[in-house]
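Student: Sequence and computational prediction follow.
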Amino acid sequence: MSETYLAHIRVYFKPGIHDPESETISRALGRLGFDQIASLSAGKFFDVNIEAGDADDASKIARQMCDTLLANPVIETYSVEIVD
Amino acid sequence: MKFGIVVFPGSWSERDMHYAVADVLGYPAEYVWHRATSLNNFDAILLPGGFSYGDHLRCGAIAAHSPVMAAVKDFANNGGFVFGSCNGFQILCETGLLPGALIRNDHLEFRCEPGNLRVESSRTPFTSQYADGDVVAMPISHGEGNYQADDETLAMLESDGRVIFRYVDEDNEATPEANPNGSLNNIAGITNEAGNVLGMMPHPERACESLLGSSDGNPLWQSIVVAVDGGG
């Protein structure tokens, strides 16, 4: 019987890809007095409820989603966490 | 000889392309809706600029999985000529027909302005009617035209002569100032390994008559016609 699992999927730029959005956000925080930022990386976050046999299955499906559409392997990497 | 111009929800340059190809140069051209699954009637496929499917997720990402793009992949893999400009270039990268990716401009601005490009190679089906080293005027109009690829891919593109258009200044120098978006090596357009697919960020269709400031885009369409039927 399948159950519903919540996948937290993060997609972010690979190290080494120059990301102007993250740099701009980091500079803006710096201007607001946050001079403690060692690094900042913006990305995308997806909450996906997945029907699957078990958590491993759900994780596998979430990774397939990333490989197929959610992430572009040329510039991005991703992480998947099944939270319940 | 017939051009097929693909139209996605959110395309915005398809009519300009049709005008440049059909009205200015007199070549047959038809629109192809994004749900089409066959391209058998066409000799060359054009992917226009715009914001296909709202450019949600990433520019070109949703379009890359549309029914027509499966047909475009088959068409290209069988040797058919495929050209994409702006969003069309982004879609070609997302499908994997071209290497690399286009990300947000380094200055984060949308830039719509005239610009100069150097034709790096006239030995392609898209540039035979130019001469090597020609400087041509074509406008850009994009917020995400910043070409990125890993070091290995970049070196391969350069050594194999697959960088076809490069942003240059009026003195034909590929300076940082002439680079409108942060693209690696001032890259404006590249081809696939076989040479039958070309993607570029600038808009040749917006440089189709002197009234618009430039007609330097026209030899690109003429080159495709020469490649298809020897110029007949």
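Tutor: Good, I have the coordinates. Numbers count the residues shown, from 1 in each chain, chains lettered A, B, ... in the order given.
Student: dump the residue contacts of the closest residue to B:Asp150 other than its chain neighbours.
Tutor: Excluding its sequence neighbours, the residue lying closest to B:Asp150 (C-beta to C-beta, 6 or more residues apart in numbering or on different chains) is A:Val74, at 7.6 Å. Every C-beta, even on glycine, is put in place using the N, C-alpha and C of the backbone. Under the criterion of C-beta atoms under 8 Å, 6 or more residues apart in numbering or on different chains, the neighbours of A:Val74 are B:93, B:99-101, B:148-150.
Student: A:Thr4 too?
Tutor: Contacts of A:Thr4 (C-beta under 8 Å, 6+ apart): A:49-51.
Student: Tell me the bridge partners for it.
Tutor: In this entry, A:Thr4 is beta-bridged to A:Glu51, by DSSP bridges.
Student: what about it, distance to chain B?
Tutor: A:Thr4 sits 23 Å away from chain B, going by C-beta to the nearest C-beta, to the nearest Å.
Student: Which positions in chain B make contact with chain A?
Tutor: B:57-58, B:61, B:65, B:93-94, B:99-101, B:103-108, B:146, B:148-150, B:182 (C-beta under 8 Å from any C-beta of the partner chain).
Student: For chain A, spot the helix or strand the model is least confident about on average.
Tutor: Lowest on mean pLDDT, DSSP states H and E among the helices and strands of chain A sits helix A:20-31, with a mean of 93.
Student: residue boundaries of the strands in chain A?
Tutor: For chain A, applying DSSP state E gives strands covering A:3-13, A:43-52, A:76-82.
Student: could you dump these to CSV with mean pLDDT and distance to B:Gly115?
Tutor: Output for the strands of chain A, formatted as CSV (pLDDT from 0 to 100; distance: least, C-beta to C-beta, whole Å):
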stretch, mean pLDDT, distance to B:Gly115
strand A:3-13, 97, 26
strand A:43-52, 97, 31
strand A:76-82, 97, 28
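Student: could I get the ones you listed as JSON lines with distance to B:Cys208?
Tutor: Output for those, formatted as JSON lines (distance: least, C-beta to C-beta, whole Å):
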{"stretch": "strand A:3-13", "distance to B:Cys208": "37"}
{"stretch": "strand A:43-52", "distance to B:Cys208": "38"}
{"stretch": "strand A:76-82", "distance to B:Cys208": "36"}
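Student: Just list whatever residues bridge to the residue nearest the centre of chain A.
Tutor: Central residue of chain A (C-alpha atoms, centre = their mean): A:Arg10, 1.1 Å from the mean position. Bridge pairing for A:Arg10 (DSSP bridges) gives the partners A:Phe45, A:Ser79.
Student: Now the residue of chain B found nearest chain A. Its backbone dihedrals?
Tutor: Closest to chain A within chain B is B:Ala101: 4.3 Å, counting by C-beta to the nearest C-beta. When read as degrees, to the nearest 10, the backbone of B:Ala101 gives phi -150, psi 160.
Student: Excluding covalently adjacent residues, which one is nearest to B:Gly161?
Tutor: B:Ser121 (5.4 Å).
Student: Per-residue pLDDT of that neighbour, please?
Tutor: For B:Ser121, the model assigns a pLDDT of 97.
Student: wait, it sits on B:Thr127?
Tutor: Yes - in this structure B:Ser121 lies within contact range of B:Thr127 using C-beta atoms under 8 Å: 6.4 Å.
Student: So for those two, which sits in the more crowded spot?
Tutor: Legend: neighbour count by other C-beta atoms under 10 Å in any protein chain shown for B:Ser121 and B:Thr127, higher for B:Thr127 (25 against 18).
Student: B:Arg162 is in contact with the more buried one, correct?
Tutor: No - the pair B:Thr127 / B:Arg162 is not scored as a contact, 12.0 Å apart, by C-beta under 8 Å.
Student: related to what we said a few turns ago, quick check: ChimeraX command selecting the buried ones in the contacts of A:Val74.
Tutor: Typed into ChimeraX, the line below selects the buried ones among the contacts of A:Val74, using 16 or more other C-beta atoms under 10 Å in any protein chain shown:
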select /B:93,99,100,101,148,149,150
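Student: In helices, which of the contacts of A:Val74 appear?
Tutor: Residues of these located in helices (DSSP state H): B:Cys93.
Student: So which of the contacts of A:Val74 belong to strands?
Tutor: Going by DSSP E, the strands hold B:101, B:148 from the contacts of A:Val74.
Student: pLDDT at A:Asp84, what is it?
Tutor: 76.
Student: And for B:Asp216, nearest residue in space, chain neighbours not counted?
Tutor: B:Val136 (3.8 Å).
Student: what pLDDT, on average, does stretch B:30-48 get?
Tutor: 97.
Student: Show the pLDDT at the residue of chain B closest to chain A.
Tutor: The model's pLDDT for B:Ala101 equals 97.
Student: Might one say that it is in contact with B:Asn146?
Tutor: No - taking C-beta under 8 Å as the definition, B:Ala101 is not a contact partner of B:Asn146, at 9.0 Å.
Student: who in chain A is up against chain B?
Tutor: Counting by C-beta under 8 Å from any C-beta, chain A comes close to chain B at A:17-21, A:24, A:44, A:68-70, A:72, A:74-75.
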